[in-house]
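> I'll drop the sequence and a predicted model, then ask my questions.
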There are 2 protein chains.
Amino acid sequence: MNILITGSAGFIAPHVAQAFTSRGHSVVRTDIRASDGIVRSELTSLESMLDITRGVDIVCHLGGVGDVYLAINEPYTAASANVLGTAILLEACLRNKVRKVVYASTWEVYGEPHYQPIDEVHPCNPDHPYNITKLAGERLVMAYDKLKGLPGVALRLGTAYGTGMRPNSVFSLFINKALAGQPITIKGTGQQSRQFTHAKDIARGFLLAAESDVHGDVFNLVAGEDISIQQLAEKVAQALPTQIVYEPARAGDVPPARVNATKVHKVLGWQPQVQFDEGLSEIIAAHIPQVAVAG
Amino acid sequence: MNILITGSAGFIAPHVAQAFTSRGHSVVRTDIRASDGIVRSELTSLESMLDITRGVDIVCHLGGVGDVYLAINEPYTAASANVLGTAILLEACLRNKVRKVVYASTWEVYGEPHYQPIDEVHPCNPDHPYNITKLAGERLVMAYDKLKGLPGVALRLGTAYGTGMRPNSVFSLFINKALAGQPITIKGTGQQSRQFTHAKDIARGFLLAAESDVHGDVFNLVAGEDISIQQLAEKVAQALPTQIVYEPARAGDVPPARVNATKVHKVLGWQPQVQFDEGLSEIIAAHIPQVAVAG
């Protein structure tokens, strides 16, 4: 099948592309930032979206504002990319008869937990510009599925990690500090935990959703291990010895919540495969400067 | 106080303007469609919003796509006006130190009822482009309140009615058919009911919300009477004798749900004052063509 991956300049997309190409699918990567192998397109331009979705079977929609701090600083940028951009992409997919849209949603759409672990019927009470706009995009995917017949699936991803993460990710921040021999700074108590989900596992979720007949539904796609920020800092400091210090929490940080991924296992057969320690070691290795070998 | 009313070309806004001017406030009316007494501005332009909100104390945000059928036909237009437009307006209000934003939300944000009557803690599961985008806008108002210190209140309005309604409102359709001696057409069974809430009552809700210290909260603002579409048709046919016929329902019509307005009564002292029969008679009278009197 012909696969289009939006948000291809982000760190999850290469893993998704790899999952599809390894199954023999043909992949076009697109982003607002063109680069080697990435075609430029603009989510908020219907013309651009009509162009890029022509002849496409499946769209994996990872594009938009994925950085919670950018979303808080510029809610209008998040609204534009995540809601308007998704609406325009969906319209283009409908007109070009795309067979399915698989939308990268987030476990953060739930907001404050009413019960845990959170399953897909838990109410959604998003409370900051990132999860508000991601949920609105997700609901537009469902509305296009139910009201207009464009099949869509939303994957509510756990906090993603893996090689190629943004330099302002907590992984990169901690690892770079440790590599520079500086203390690792934890914002808040460090007790806030995340079910870090490896980009390779996420990529397999997109593949399973694309290849299945399931649509009009949402799935938590979240790894089972619960890792606190303090544990992450300790693991980094164990690999790259340094000190750990504490600072006040940032506004907009999302409190932890246990999320349940039973439904996606039952319906799509997805299970996480990458252990956290394995994933972290790979990221640390990728951060260590490579010594040029003289020829 | 200086009051700005967005969406002033809509039918609710004149009632809101009237409520504020009668209390001695100074009102500027704005809309993307300029007309007599209405200053043009564009919700999706930060520059335009910065201009129009300068020196304003209270913004009553009624602007955006309020027509559910337009929202279904062009979800991207609804996303642009209702989400991006609200985000940009909020940013302008923050920068211009506006004292409060009162947002016109809708009872439709709840989606399918889990229990009835629906109060404000009922989960929100919007399912079509109108209520999805209205809820996202509402949540951005709350996020600006809680994360950025811009006070905001959202009023989840009952289905509004009153003089000056759109020609495609069910009121105008029924009345114009009856006036033309044609049968009134009910789409669906006619059993779907609405707590039609008069624009004058809605206007008083905006005034109370603006003048109170309450912020960071949402309120159902819904009249108590439950009127089915069949009852509405019968009341119109009683005033303007004609037949009633039935057609299949339209996609995207919202099923009825009882909504509770206890909170707004307790906190803001709001109660509906216009009886439905009174409001309907006034609308029918306004539809009857005026005979020009020779001078």
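Here it is on my side, so go on.
> contact residues of chain A facing chain B?
By C-beta under 8 Å from any C-beta of the partner chain, the residues of chain A that approach chain B are A:46, A:72, A:75-76, A:78-80, A:83-84, A:86-88, A:90-91, A:123-129, A:132-133, A:135-136, A:139-140, A:142-144, A:146-147, A:251-252. Heads up, the C-betas are built off the backbone N, CA and C, glycines and all.
> which among those residues end up buried?
Buried residues within the residues of chain A next to chain B, counting neighbours by 16 or more other C-beta atoms under 10 Å in any protein chain shown: A:46, A:72, A:75-76, A:78-80, A:83-84, A:86-88, A:90-91, A:123-129, A:132-133, A:135-136, A:139-140, A:142-144, A:146, A:252.
> so which of these belong to helices?
A:46, A:72, A:75-76, A:78, A:86-88, A:90-91, A:129, A:132-133, A:135-136, A:139-140, A:142-144, A:146 (DSSP state H).
> distance between the ends of stretch A:4-18?
Using C-alpha to C-alpha, to the nearest Å, the end-to-end distance of stretch A:4-18 comes to 13 Å.
> show me where the stretch 101-250 of chain A has its helices.
Taking DSSP state H, counting those that start in this stretch as the test, the helices found in the stretch 101-250 of chain A are A:129-148, A:170-179, A:199-211, A:229-239.
> what packs against the host helix or strand of residue A:48?
Counting by DSSP states H and E, the element that carries residue A:48 is helix A:46-53. The contact analysis (3 or more C-beta pairs under 8 Å, 6 or more residues apart in numbering or on different chains; DSSP states H and E) places helix A:46-53 against helix A:85-95.
> what's the closest non-adjacent residue to residue A:273?
The spatial neighbour of residue A:273 that comes closest, neighbours along the chain excluded (C-beta to C-beta, 6 or more residues apart in numbering or on different chains), is residue A:201 at 5.9 Å.
> my read: the one you found touches residue A:225, true?
No - Residue A:201 lies out of contact with residue A:225 (C-beta atoms under 8 Å); the separation is 11.3 Å.
> the more surrounded of these two?
Shown here are residue A:201 and residue A:225; by other C-beta atoms under 10 Å in any protein chain shown, residue A:201 has more neighbours (23 against 18).
> do you know the pLDDT at that one?
Confidence at residue A:201, expressed as pLDDT, is 98.
> okay, now the sheet partners of the helix or strand of chain A with the lowest mean pLDDT, with direction.
When each helix and strand of chain A is scored by mean pLDDT, DSSP states H and E, strand A:193-194 comes last, with a mean of 90. When sheet partners are counted by DSSP bridges, strand A:193-194 sits next to strand A:227-228 (antiparallel).
> can you list contacts of the strand it pairs with?
Contacts to strand A:227-228, defined as C-beta atoms under 8 Å, 6 or more residues apart in numbering or on different chains, come from residues A:190-196, A:256, A:276.
> for those, which one is nearest chain B?
Within the contacts of strand A:227-228, proximity to chain B (C-beta to the nearest C-beta) peaks at residue A:192, which comes in at 17.4 Å.
> contact partners for the closest one?
Applying C-beta under 8 Å, 6+ apart, we find residue A:192 in contact with A:228-229, A:253, A:255-256.
> returning to that earlier point: which ones are touching the residue nearest to residue A:273?
So residue A:201 contacts A:221, A:223, A:270, A:272-274 (C-beta under 8 Å, 6+ apart).
> so how far is residue A:262 from the closest residue to residue A:65 other than its chain neighbours?
Among residues not flanking residue A:65 along the chain, residue A:78 sits closest, at 4.3 Å (C-beta to C-beta, 6+ apart). Counting by C-beta to C-beta, to the nearest Å, the separation of residue A:78 from residue A:262 is 30 Å.
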